[in-house]
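**Q** Provided below for reference: sequence and predicted model.
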Amino acid sequence: MSEETPKSPPRIGVFVCHCGKNIGGVVDVPSVAKFAEGLPNVVFSTDNLYTCAEDGLTCIKDAVVKHNLNRVVVASCTPRTHAPLFMSAIEEAGLNQYLFEFVNIRDQCSWVHMKEPEKATKKAMILVEMGVRKASLLEALEEKEIAVEPSALVIGGGVAGMVAALGIADHGFQVHIVEREERLGGLIGNIEKVYPVKRAASSVISDLERAVRASPMIEVHTSSTVKDAKGYVGNYDVEIQNGGASTFHRIGAIIVATGATEFKPEGMYSYGEDGRILTQLELERQMREGKVDGVKSVAMIQCVAARGEKFTYCSKMCCSVAIKNAIELKTKQPAIDVSILYNDIQMPGEALEKVYTDAREMGIKFLRFPLKARPQVVADGGLAVRFFNESLGADDELRPDLVVLSAPLVPREGAKELSRMLKVPLGQDGFFFEAHVKLRPLDFATDGVYLCGTAHGPKGLQESISQAMGAASRALIPLSNGKVRGEAAVAFADEATCIGCGNCVKVCPYVAIDRVERNGRFVAVVNSALCKACGTCVPACPSGAMTQKSFTDSQLLEMVDAVSQEEA
Amino acid sequence: MADQFEPKILAFCCNWCSYAGADLAGVSRMQYPPNVRVVRVMCSGRIRPEAVFKALSNGIDGVLVLGCHIGDCHYLTGNHRTAKRMLVLEKLLDHLGVDPRRLKVDWISASEGEKFSRTITTFTEQIKKLGPANGGAHGRRG
Amino acid sequence: MKSEIESLLKETRAFMCLDCGKCTGACPLARQGGTYSPRMHIARMVYGYGSEVFADMDMWSCLTCGLCETNCPSNVKYTDFMSKVRVFSAGERRGGFCAHAGITHTLARMMANDGENQSRLGWVNDELKTAESGDVLYFVGCLPYFDNIFDYIKIEGTGIAKNSVELLNKLGVTPVVMKNEVCCGHDLLWSGDRDNFQKLVKKNVEAIAKTGARTIVTSCAECLRTLKVDYPQFAKFNFEVKHISEFVAEKLDGSSMKMSQFDGSITYQDPCRLGRHLKVYEPPREVLKKIPGVKLVEMRSNKDNSICCGTTHFLNCDRVSEGIRKERFSEALDTGAKTLVTACPKCQIHLKCSQSNRMQDEGVESLHITDFATMVNKHLVRN
Amino acid sequence: MADSVLVIGGGIAGIQAALNLADKGIHTYIVEKLPTIGGHMALLDKTFPTNDCSICILAPKLAECSNHDLIDILAYSEVLSVEGKEGAFKVKIKRKARYIDEEKCTGCEDCARSCPIKVSNEYNLGLNMRKAIYIPFPQSVPRIATIDASVCMHFTKGKCGVCKIKCGAGAVDYDQEDEIVELEVGSIIAASGFEVFDPKEMTEYGYGVYKDVVTSMEFERILCASGPTAGRITRPSDGKTPDRIVFVQCVGSRDPKHGRPYCSSVCCMHATKEAMLVREHDEHVETCILYTDLRAAGKGFFEYAERGKKDYGIKYIRAKPGRIVRDESSGELEVWYEDTATLKVSRMKAGMVVLATALVPSRSTAKLAETLGVELDEYGFFRSPDPLLRPVDTTRPGVFATGYCESPKDIPESVAQAGAAALRASRVVAGVTA
């Protein structure tokens, strides 16, 4: 790529496209080309039947050489589909591809003013003039390359973290797993069985841990925390602390897999007042220890603290956990009476719905209560669960031996701190907030940091694993390339003019601007690796220090002036 | 004569939504008045209120600032800024005696070709009614 | 009792109920207002309030028409559930109000307990060819009794039997008819009287076996369901059972027999037992469509979604039943047809009874209601 | 060792898998049976729970695929055979003749405007018409016309040639023939998506009998600004705006009777979104969602449904209707249901009924599985030998499955899982062995 902005005065070539009859049928294309010829700095102007066709592109390339053009304007269709084609054509002719301006005289002119050919022609002329005036000020740009350190940091050593780490290590990159606890496994380390596959949780963890320990590319830091992480995509300096000792690592990409934990519903549903009122996780432990073997009846209550009681959200996996434990109880002691008090059963998909129907088939009872009137648990020597049975429209009561509360997952402690350290956001629910809910579920807006598992929000293990693999895949993009290519039309702060107010820092959606001390004063510095070229920072700048390349104030004002100076 | 008056209208469009909406209006051959001149920016958040102000004081009769719908911004929150900045600008215009109706901020998605064409049409009609801006002198509300 | 209820819940898949309420939304009784809810019956039973279900008089209103069951996404067997629950409930000496002072139930119990001396074959005249033994048996059912009981509403009664036999004769079949046939027991079974039902089963099975018949043809949809589905549950029963519409459809398939002209539209009422219980929808329609000039027009609710004639097993005939019939008539009239064909004598009885009710809408009175066998026999030309 | 990957299916899962691979430097082919990539997401108006404009967020991805140096899109193509093994598959692909020179076509649609043949438009689910020569939708990638030879008069009757005359670029080529392409790829990702279950068999709901009973995908097009009604909420029978729209959930899903006991996973939120959009378009139209369990478990979903209730005034009733009939005199539909929370049986009048029909693996999936030599589960979704730890694997090494064809899921889950499939596939072409 040619990197230099031409020093010589602008020599602009204009190519006006007929697009068959699409433009030519309405707009007087030859007149537009002729008009362009008379504009300042234009040294060549022509019309083509199809500028995008092979002969049209050849025409551009030949003209660049023959007329020594240093900027090119094409007036045809829309840049959204055709800009890359023309940009690579001028690059082939030896020009920097950003010395190109696109004028849309089809979609936004000939096609929308079909019955007013004269006015359309006049409009096409002024649009071309706007393009030419902007083109005169265009500069060569480069998509800056940043080298990427070939190593990753996975924060959290649960199942998601281990799967993500293995995915990256498999591709030949160094991975550090940092786990706060003494052992790997996370939340799944505390449970018995994983549904709907009905596998022992311990075997899932030991399989993964074996693979992790066997990988020469993975270094496991248990009982450790990430003390500090500074830098940007490809270039993080990370301090991992274990006890009092710190190690320092250069990291290319970071995956947040810090997981979640079960909420303890203290003070709700008489939890804590009676040893026979448990959470699901506590029930699993008691089952493991054989403490519930003599129990004849169990009542489980769903949506404890969730869906508007204390937290706004639905914890997604509590229904499947409750049904799993109900089935396990019933399998062990077929005579046991298990009732699940629910509001909406959340068992989406194939495998989970099957587990739900299996549970019904076994005779596990499902009783529905309204969210507005949640069940009450009374420990009066015995246990009573009083609730409004919505299916029957009547008050109902169960006298179980054991009450199990299905409490939601909540974010791990330390999520806030990590969010500040990595400059990635948390949602209102306290879980990490992804770049785009729909299409970038595993990315953060900040490049180089990714997300998976229950750190993102409550979900089942299968989905967490899919996400972990997906996050590994995302992290492998900068790692495999060994570099990232930034946007070309990035923002740029002129240090001399900058007053260091930090307004731009506040508005940047990508945390791409830092306020740094230079020679005893603060100035804004744009990290062009992180800048996504939106230009939102520019209007925020009171001193005019901030500009966006390819959309500079002077370029835009030239276009505005072209319109205001247009003859009526 | 108001009928003879052909206003100069400038539309700032963001690349991802409103410009795409304008393209869709074209692909669908939705006709609208030819007075509008589009300036493409990557995000409506790039649009400097000062530039809008300058345009209005410099012979342009009406300015449209068109972005993605709130929540749809390709750059996450760029259009939130636009909304705030243009609100301030509207007040400023009012202060200065420039009819704030000469500025219209709207959100048009890539699928709203029809809305783009409708917006241009009604805005053009409105500016025709308001008459030439002429550096503010004619734009004053009576 | 607890374990019996558990097994009832399992057998009828009641545990699988998702409490969605689609059954009640479809139920013709529920849609007439009132408190009937199949969903609630299931829910109460599952949640341990079985005794409430047994005591609920609503339960005896159920038509066991199967509309709820056909609609149930979870395949809960509600009709089976109802039949079984009624056995429990009848055991506790509860029961519904029998229509016509319970005469059909009384007759059936008499037959079950040798308390009668029937003259069953008085309707067989010289023109009809019948036999005492043979391959095909025509199971007459209660038609001879209906002649007397329902004389006041001009039902076809044994006319259906005559037409059926004549129809079979035209098709080259000389059917067996039994003078010692007893009631199939349908009404007793569905009102929870299993003991007497079983006695009837035993009598009929023994009598049929003696005739050497292998195929049983009925013109009554209730007899059909009872013989085909319920008898095998209580006795060794190796007979093929067919509704006359199925039998005729098979015989006419590819045959060169001719039918005489009928000009006009007819509509067809799917009897619950023939339709939803046994999924016989097409054979009667196919045969009717063979009559030249017939335009068969469907009512808005047909086949799987068909609406019942409003009463079954002569239980709880009331305002609600009348409402259902009113709805059905309005659908029939909407088709523009002047003739309604049904394939069950019970439908005919209930619809004609309602037709004679002066409160009916305009046009109902003039609707001609006839049986499938009658209609087809009238138009099938003897070879 | 072949170092390319083949992605079958150009919906959001396939697109995302391809971009993940190509961005890592791995050459990727996308084979799509339709003339354009984009899949169902291109047909959606908005997406839940953010109500993002679907095409606005999808179109840049489509363009990215189209412009990517390492992605080759083979649209209007089908996989004929797959031979070889993991690391070295030989794939035969039929590129169906579009009868258009792809290099010359500029996508101006002059041809379509002059074409005399109109047929049902599958991109608007048959709610309006398209021409025999057509571009599916404005954002199509590639934006190239296609002649539907099954209806084009030139092919059916040997007459007409208007498009050829009208095409200024000279792109129409009636003599074009199907072309067989052979590719060598190291790994294959199936992303064949879903299609909508045809609810005609559920006669109690009157779909196919009453015009104003529509599926949720059909309704999506009615809501969409680029759909058949330009986003105006009008009902198909008479073009009137309905007073009330009733959404019926679980039509064919969670329904062992109709062979699909599974939950389609997206319909509750989909209905919520559609009801919100109705209220946004026209606040006078009442909306009511009849559901069994409100499946609102994903991130932000429960809050979204709450917003539907509180801010948009959507009525949620826990009920499943048993019967829908049309009152011929008023033209209104009557929906019979039991509210299982108040225990009341009611008849609700509705101007339109929207059925949340089950989503099923697309028709081509069974054939594709046969061609790929992999197993499907009993409902036709791809089966993994280890659904927990290797969710995107199939029963054939080197062949992966992702998106809805793997199991029911929404867009973010499909996008996340597409990454997982890309990871498994890139591992193969990188030569890592298990």
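**A** Good, I have the coordinates.
**Q** Just the mean pLDDT for the longest strand belonging to chain C, thanks.
**A** Among the elements of type strand in chain C, defined by DSSP state E, the one spanning the most residues is strand C:264-269. Model confidence over strand C:264-269, given as mean pLDDT, is 96.
**Q** try stretch A:440-451
**A** Averaged across stretch A:440-451, the pLDDT comes to 92.
**Q** Tell me if that stretch is near chain B.
**A** Yes - using CB under 8 Å from any CB of the partner chain, a contact is recorded between stretch A:440-451 and chain B, made by A:Ala445. All C-beta spots, glycine's among them, are computed from the backbone N, C-alpha and C.
**Q** circling back to that earlier point, buried residues, the helix or strand that comes right after the longest strand of chain C. List them.
**A** The helix or strand immediately downstream of strand C:264-269 is helix C:282-290, counting by DSSP states H and E. Applying a neighbour-count criterion of 16 or more other CB atoms under 10 Å in any protein chain shown, the buried positions in helix C:282-290 are C:Pro283, C:Pro284, C:Arg285, C:Glu286, C:Val287, C:Leu288, C:Lys290.
**Q** residues contacting the closest residue to A:Pro10 other than its chain neighbours?
**A** For A:Pro10, the nearest residue in space outside its immediate sequence neighbours is A:Asn41; the separation is 4.2 Å by CB to CB, 6 or more residues apart in numbering or on different chains. Counting by CB atoms under 8 Å, 6 or more residues apart in numbering or on different chains, A:Asn41 makes contact with A:Pro9, A:Pro10, A:Arg11, A:Ile12, A:Arg71, A:Val132, A:Ala135, A:Ser136.
**Q** Just the buried residues of these.
**A** In terms of neighbour count (16+ other CB under 10 Å), the buried residues within the contacts of A:Asn41 are A:Pro10, A:Arg11, A:Ile12, A:Arg71, A:Val132, A:Ala135, A:Ser136.
**Q** among these, which are in helices?
**A** Secondary-structure check on the buried ones among the contacts of A:Asn41 using DSSP state H: residues within helices are A:Val132, A:Ala135, A:Ser136.
**Q** Which residue ranges of the stretch 351-500 of chain A form strands?
**A** For the stretch 351-500 of chain A, the strands defined by DSSP state E, counting those that start in this stretch occupy A:365-368, A:376-380, A:382-389, A:394-398, A:402-405, A:409-411, A:449-451, A:483-485, A:491-493.
**Q** what do you get for the stretch 51-200 of chain C?
**A** Under the criterion DSSP E, counting those that start in this stretch, strands of the stretch 51-200 of chain C are mapped to C:136-139.
**Q** now do chain B
**A** Counting by DSSP E, chain B has strands at residues B:9-14, B:36-41, B:62-67, B:103-107.
**Q** Select, out of those strands, the one closest to A:Glu118.
**A** Distances from A:Glu118 to each of the strands of chain B were compared by CB to CB, and the smallest falls on strand B:36-41, at 16.3 Å.
**Q** That closest one - contacts with which helices or strands?
**A** helix A:117-136, helix A:553-564, strand B:9-14, helix B:18-27 (3 or more CB pairs under 8 Å, 6 or more residues apart in numbering or on different chains; DSSP states H and E).
**Q** Of the ones you listed, which stretch is the most buried?
**A** When the helices and strands packed on strand B:36-41 are scored by mean count of other CB atoms under 10 Å in any protein chain shown, the highest mean neighbour count falls to helix B:18-27 (a mean of 28).
**Q** Show the average pLDDT along it.
**A** Confidence over helix B:18-27, taken as the mean pLDDT, stands at 90.
**Q** How about stretch A:88-108?
**A** If you average the pLDDT over stretch A:88-108, you get 95.
**Q** Whether the helix ranked longest in chain D contacts chain B - can you check?
**A** Of all the segments of type helix in chain D, defined by DSSP H, the longest one is helix D:411-429. No - contact between helix D:411-429 and chain B, assessed by CB under 8 Å from any CB, is absent, since the two come no nearer than 14.9 Å.
**Q** check whether stretch D:40-53 contacts chain A.
**A** Yes - looking at stretch D:40-53 against chain A by CB under 8 Å from any CB, the contacts come from D:Thr47, D:Pro49, D:Thr50, D:Asp52.
**Q** Return the member of those residues nearest to D:Glu182.
**A** Within these, proximity to D:Glu182 (CB to CB) peaks at D:Thr47, which comes in at 37.6 Å.
**Q** Would you check that that closest one makes contact with D:Pro412?
**A** No - assessed by CB atoms under 8 Å, D:Thr47 is found out of contact with D:Pro412, at 9.3 Å.
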